[in-house]
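1. give me a 3D structure for the following:
(chains A, B and C)
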Amino acid sequence: MSILKGKKVVIIGDRDGIPGPAIQACVESAGGEVVFASTECFV
Amino acid sequence: MNSVIKGSGYCLSYTPGLMLHNGSTITTERVVNPDGEFLKEMGKHVRSYEDCVAYWPNQVYIGNADPEELRKVEFPYYDKKFENASRYGKFGEIMPEAEFLLLAQSCDCFEVFYLEKGFVEAHKKELAADPVITEAILNRVTAGSELSEIETLVSNGEAEGLYYENKLVGCVKRAHDIDVNLSAEVMLENLMNKASSVLAILHSLKNAGISPDDVEYVIDCSEEACGDVNQRGGGNFAKAAAEIAGLNNATGSDSRGFCAGPSHAMIEAAALVKAGAFRTVVVIGGGCVPKLGMNGKDHVKKGLPMLEDCLGAFAVIVSENDGKSAEINLDILGRHTVGTGAAPQNVIGSLVADPLERAGLTVNDVDKFSPEMQNADITKPAGAGDVPMANYKMIAALAVKKGWLQKSELASFSEEHGLVGYAPTQGHIPSGVPYVGFAKENIEAGKMNRVMIIGKGSLFLGRMTNLFDGVSFIIQKNTAENEQGAVSEDEVRKLIAKAMKDFAASILDKEAEA
Amino acid sequence: MDLENQKRVKDFAEKYGPENLVVVLGAAEGEAAGLAAETVTAGDPTFAGPLTGVQLGLTVYHVCEPELKEEFDPAVYEDQVSMMEMVLDVDDIVNEMNEIRKEYCKYLSA
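-> Modelled structure (predicted):
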């Protein structure tokens, strides 16, 4: 069973890891519905 | 001709009192978890001024050791001592807290900054002994107030207390009764930022060997905002700091771009000078009070000292080409555009690979890259990793994709073309610009040809856009001599025009003959 | 995890039901990934945010984990993320995420 398809997805990206919008593009390509995407910054 | 780096100043101000009372992590914790362990424990994790001075990354920041020497120090750094550490370095100084509070008081133009009489008396001589502090600044420090007056202002909620060695010694009052943009907290942050900028300006003037009267323009690229309810970010920190630093012939303005601010401001300064608008421009960035102790919870949890106990500041003087100083090449600019996107490979591609490619260069033509120079001693325990190292890995990975590097060279790339981080996590302060001073020196000594300064900024934190941002530029060996020796652009134009005229004439001649 | 982000996660879990919500992380280090994953499953371990003491048990993955990669369009992943696999310690991140999921996730499909 798929993890993302048909699910509501919240994205917590990281400025020094993978930023939110980059993750969003991947999640959408898998059929997940992104309801919120943000990017955190520790520096 | 390209503009040059005439000099720079890099300063830290040791401010554990501000950290424990005004750092955002701590003020947030007081709201959400007032009885938590962290607030009880943090006082035990404050290091002494002497330990702060003897801290390796701090000595590198003020210029007492090259980042390459820090590479040889075993990680972590907090438990090592720099031998014969000094308050002063060739780029600046680490100012003790009491003196800094007096300096900040001298920056107050609205009678909101109060210090207790005895405190001023006890420390004014110390500030006077600082070789860059001017008579005019000392004259601005007031005689001080009664402690009772300060206590009343703080207990009324009209002022933010200022603490030295855990004792109330002063306060910053709100500048308006209802306007939150002029609240005591905001006034405190802005005045501390201004004071740290003033200190960096004074050191940069000394290092560049120029008079305050030579400066014609100042660009501030900090991350604070000053203004009132009708113009919340009106500015102008640049001119405010210039006034106290005695730059009587200067005007200025503020430039903002989160952590990318300094790189934007450096490009603007270089362009203003190259265009002939102003002959000498100073780019300044002052310290950020809320970021003091930002990762303190992780440091305390792991038994470390709270390493974010200093306000950082820098000033870089950009001026007309003098035929010898390292220069800024405006032909090789990296730019993260609206269309670049957030994918890390696109970000680093736009800032590093694209500008080099446009100039017919590769990463191998750049001696050192200075991206985000955050000290890993601070970021690693907080789960943010080694930020400069992550940047070098990205640059190297991209270079492999471009065929500029062999995969086997990935590991050695970051040592040869990279630096170890040494700057405090003060947002814009570590962003590319800390290495400008070393880059100038190493280039002028003939040890390097090119250094790339990379600034990146998290615009999305302002909730106005989800975009990221960044710009980069190259500092290189002075080329004025070559330009004089070679044919100038004007001459080339004349030569081409003459050749075309001759060619046209020869066609006409031929037609006439036919 | 940022307090505003915690609030959003909590609100979305209420709105859509925790079984319908998946959290995807982009943290730079295993430890940070683990802490964020713990926050949306067992509650905020730093006792600071709205998720303190709230055991949502949400399904949570890091974007570089193989289970998610299988579902992404490979071309999109290649463009957006792949280079970071050379930068991040993916094994460490995967280990941390597996541990948290094993312990706290309530809605994993077997």
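2. from here on, contacts and neighbour counts on C-alpha atoms
-> Will do.
3. wait, does stretch A:29-43 contact chain C?
-> Yes - looking at stretch A:29-43 against chain C by Cα under 8 Å from any Cα of the partner chain, the contacts come from A:Ser29, A:Ala30, A:Phe36, A:Ser38, A:Glu40.
4. of those, the lowest pLDDT goes to which?
-> Taking those together, the minimum pLDDT is found at A:Glu40 (90).
5. surely B:Thr27 forms part of a strand?
-> No - assessed with DSSP: H, G, I helix; E, B strand; the rest coil, B:Thr27 is helix; it does not lie in a strand.
6. and it, what does it touch?
-> For B:Thr27, the contacting residues are B:His21, taking Cα atoms under 8 Å, 6 or more residues apart in numbering or on different chains as the criterion.
7. give me the pLDDT value at it.
-> Predicted confidence (pLDDT) at B:Thr27: the value is 97.
8. correct me, but B:Tyr88 touches B:Pro96?
-> No - counting by Cα atoms under 8 Å, no contact exists between B:Tyr88 and B:Pro96, whose distance comes to 11.3 Å.
9. so for these two, which sits in the more crowded spot?
-> B:Pro96 (21 against 18; other Cα atoms under 10 Å in any protein chain shown).
10. for burial, what's the neighbour tally of the nearest residue to B:Gly427 once chain neighbours are set aside?
-> Setting aside the residues directly before and after it, B:Gly427 is nearest to B:Cys259 in space (Cα to Cα, 6 or more residues apart in numbering or on different chains), at 5.4 Å. Close neighbours of B:Cys259, defined as other Cα under 10 Å, add up to 27.
11. where are the low-confidence patches of the chain?
-> Looking at chain A here, since you left the chain open. Applying pLDDT under 70 to chain A picks out no residues at all.
12. that answer is for a different chain, and I need it for chain B
-> Scanning chain B for pLDDT under 70 picks out the ranges B:483-489, B:513-514.
13. what residues of stretch B:413-422 count as buried?
-> Counting neighbours by 16 or more other Cα atoms under 10 Å in any protein chain shown, one finds that the buried residues in stretch B:413-422 are B:Phe413, B:Ser414, B:His417, B:Gly418, B:Leu419, B:Val420, B:Gly421, B:Tyr422.
14. output the residues you listed as JSON lines; include the columns secondary structure.
-> Listed next are the buried residues of stretch B:413-422 as JSON lines, based on three-state DSSP:
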{"residue": "B:Phe413", "secondary structure": "helix"}
{"residue": "B:Ser414", "secondary structure": "helix"}
{"residue": "B:His417", "secondary structure": "helix"}
{"residue": "B:Gly418", "secondary structure": "coil"}
{"residue": "B:Leu419", "secondary structure": "coil"}
{"residue": "B:Val420", "secondary structure": "coil"}
{"residue": "B:Gly421", "secondary structure": "coil"}
{"residue": "B:Tyr422", "secondary structure": "coil"}
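15. ok, and of the residues you listed, which contact chain C?
-> Counting by Cα under 8 Å from any Cα, nothing from the buried residues of stretch B:413-422 sits close to chain C.
16. and of those residues, the nearest to B:Phe438?
-> When the buried residues of stretch B:413-422 are compared for distance to B:Phe438, the smallest value, 11.2 Å, is given by B:Leu419; criterion: Cα to Cα.
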